[in-house]
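*Asks:* got a predicted structure here, sequence first:
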Amino acid sequence: MISTFYERIVGTSPPPEQIVPKILCVGLSCVDIVQLCKSYPQEDTDQSCIDFRYQRGGNASNNCTVISQLDYPCEFLGILSKEQFSKFLQDDMKKLKIDFSHCPILEDGGCPTSVVLLSMSTGSRTIIHHKQNETEITLKDLEKLSLEDYTWIHFEGRRNVSDIIQMMQHIENYNNALIQMQSVNGDKSTHLPITVSVELEKTRPELLDLLPYADVAFVSKDFSQSRGYTNMRETLNNFSQESKTGATIFSAWADRGAMARAPDGTIVQSPAFPPYKIIDTLGAGDTFNAAVIYYLNKEKISFHRDRNPDDQSLKVEVSRNFNIESSERCQTEFINRDVLQSAVVFGCRLAGAKIGLRGFDGLSKVYKNYLS
């Protein structure tokens with residue numbers, strides 16, 4: 001109807017509707033069974049909890065929840081099943097308008113489950129996870145996607161390191177082909193190269209192999225300490241030596257705030273922004289990562305929309321890292337010191353607000369207040 005009306009009034013067909021490229025998060029979606037306790041229970045005791053709920057969890061799944069609350073189109077890619085709890089996960093993603101249309105759905109697979117104990121006395125969260133199945137996303141799953149539909153792909157560092165590397169290399173090949181096509185056609189393509197990010201959270205040494213293929217890396221406090229590092233600056237300086245040329249690295253240490261290292265080696269920092277009352281620390285790290293991805297992606301789109309390709313002042317000098325496997329440079333030319341400073345502050349503010357909320361409900365309102 002709209003098309004017919006437009007043709008009758010204007011005389012031509014309406015312009016095609018602009019499609020906003022999505023952020024894709026690859027990893028786990030699970031059921032979190034959350035119990036709020038006055039204090040962490042002693043072994044072999046019987047006590048009542050203050051509150052109980054179950055919700056959709058998993059790092060990549062939580063990343064999508066936050067990005068969706070910030071009103072940006074996102075997609076989750078992970079293993080699902082036809083089991084009852086997995087259907088709950090799918091219904092919850094539908095409610096938040098999170099696309100999961102490319103997820104493999106297993107006939108007989110179970111649903112990963114985490115039991116989470118939240119202590120009101122210390123603010124700690126203790127997680128006991130049950131995997132249910134060993135199936136992970138592979139390159140074949142990623143190859144079914146049309147990569148031009150995405151502007152950013154984030155990987156949760158999991159057990160399938162070799163599969164994740166293959167997927168990252170697949171995206172590198174796509175980016176190289178796109179850049180070559182744009183140079184031949186005079187930079188007329190509307191598609192942007194995909195920025196690749198990765199989270200190193202679990203203390204598995206093999207996750208280090210992912211760094212040479214990531215444009216942006218989020219290194220957890222636990223992972224840093226497992227490598228012998230005692231603070232954020234030490235983390236950034238050491239991990240930069242194993243990262244892709246021009247990579248941006250984030251290190252968030254809860255109440256110490258967060259630091260980040262820009263492609264040119266500049267380091268920025270933000271304090272933590274704790275709420276008046278700590279209610280729920282579960283997912284605070286996922287909130288920080290998702291908020292940073294969202295912010296940087298918006299900057300990326302604005303940068304490519306407004307830039308003049310001939311403006312040499314936008315070029316950032318980056319020293320090539322010859323100690324890694326990947327010879328590719330990062331898709332991070334849109335990140336400078338000011339952008340990075342704003343991104344890390346935004347991430348800390350949203351993560352701080354989140355721990356004052358029950359679950360993730362209310363982040364959208366927090367974000368709107370942040371803008372006003």
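*Replies:* Looks like it came in fine. Numbers count the residues shown, from 1 in each chain.
*Asks:* drop to CA atoms for contacts and neighbour counts, all remaining ones
*Replies:* Fine.
*Asks:* and the pLDDT for residue 190?
*Replies:* pLDDT, residue 190: 72.
*Asks:* check the one 4 residues further on too.
*Replies:* In the predicted model, residue 194 carries a pLDDT score of 96.
*Asks:* can you give me the helices for the stretch 101-250 of the chain?
*Replies:* 139-143, 161-184, 221-226, 232-239 (DSSP state H, counting those that start in this stretch).
*Asks:* turn the ones you listed into JSON lines, columns for mean pLDDT, mean neighbour count and distance to residue 361.
*Replies:* Output for the helices of the stretch 101-250 of the chain, formatted as JSON lines (pLDDT from 0 to 100; neighbours: other C-alpha atoms under 10 Å; distance: least, C-alpha to C-alpha, whole Å):
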{"stretch": "helix 139-143", "mean pLDDT": "97", "mean neighbour count": "15", "distance to residue 361": "30"}
{"stretch": "helix 161-184", "mean pLDDT": "91", "mean neighbour count": "17", "distance to residue 361": "31"}
{"stretch": "helix 221-226", "mean pLDDT": "96", "mean neighbour count": "18", "distance to residue 361": "26"}
{"stretch": "helix 232-239", "mean pLDDT": "95", "mean neighbour count": "18", "distance to residue 361": "30"}
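*Asks:* these into a markdown table, with extra columns for distance to residue 27?
*Replies:* Compiled in a markdown table, those are given as follows (distance: least, C-alpha to C-alpha, whole Å):
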| stretch | distance to residue 27 |
| --- | --- |
| helix 139-143 | 12 |
| helix 161-184 | 10 |
| helix 221-226 | 18 |
| helix 232-239 | 22 |
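*Asks:* ok, which of the ones you listed comes nearest residue 115?
*Replies:* Closest of the helices of the stretch 101-250 of the chain to residue 115 is helix 221-226, at 19.8 Å (criterion: C-alpha to C-alpha).
*Asks:* show residues contacting the closest one.
*Replies:* Helix 221-226 has contacts (C-alpha atoms under 8 Å, 6 or more residues apart in numbering) with 200, 201, 202, 203, 204, 230, 235, 251, 252, 253.
*Asks:* do stretch 57-76 as well
*Replies:* 20-32, 56, 93, 96-100, 103, 154-156, 283, 286-287, 289-291, 294, 360, 363-364, 367.
*Asks:* try it again at 6 Å.
*Replies:* 22-32, 98-100, 286, 290, 364 (C-alpha atoms under 6 Å, 6 or more residues apart in numbering).
*Asks:* quick check, residue 247 in contact with residue 215.
*Replies:* Yes: the criterion here is C-alpha atoms under 6 Å, and residue 247 meets it with residue 215 at 4.8 Å.
*Asks:* anything in contact with each of those two?
*Replies:* residue 330.
*Asks:* higher neighbour count, the two?
*Replies:* Comparing residue 247 with residue 215 by other C-alpha atoms under 10 Å, the one with more neighbours is residue 247, at 28 against 25.
*Asks:* let me see the contact set for that one.
*Replies:* 215, 216, 263, 330.
*Asks:* same question for residue 114.
*Replies:* 32, 128, 129.
*Asks:* try 7 Å this time
*Replies:* Residues in contact with residue 114 (C-alpha atoms under 7 Å, 6 or more residues apart in numbering) are 31, 32, 33, 127, 128, 129, 130.
*Asks:* pLDDT at the last one, what is it?
*Replies:* Meaning residue 130. 85.
*Asks:* kindly report the same for the third one.
*Replies:* Note on residue 33: pLDDT of 92.
*Asks:* would you say it is within a helix?
*Replies:* No: counting by DSSP: H, G, I helix; E, B strand; the rest coil, residue 33 is not found in a helix; it is strand.
*Asks:* what's across from it in the sheet?
*Replies:* residue 54, residue 115 (DSSP bridges).
*Asks:* residues in contact with it?
*Replies:* Contacts of residue 33 by C-alpha under 7 Å, 6+ apart are 53, 54, 55, 114, 115, 116.
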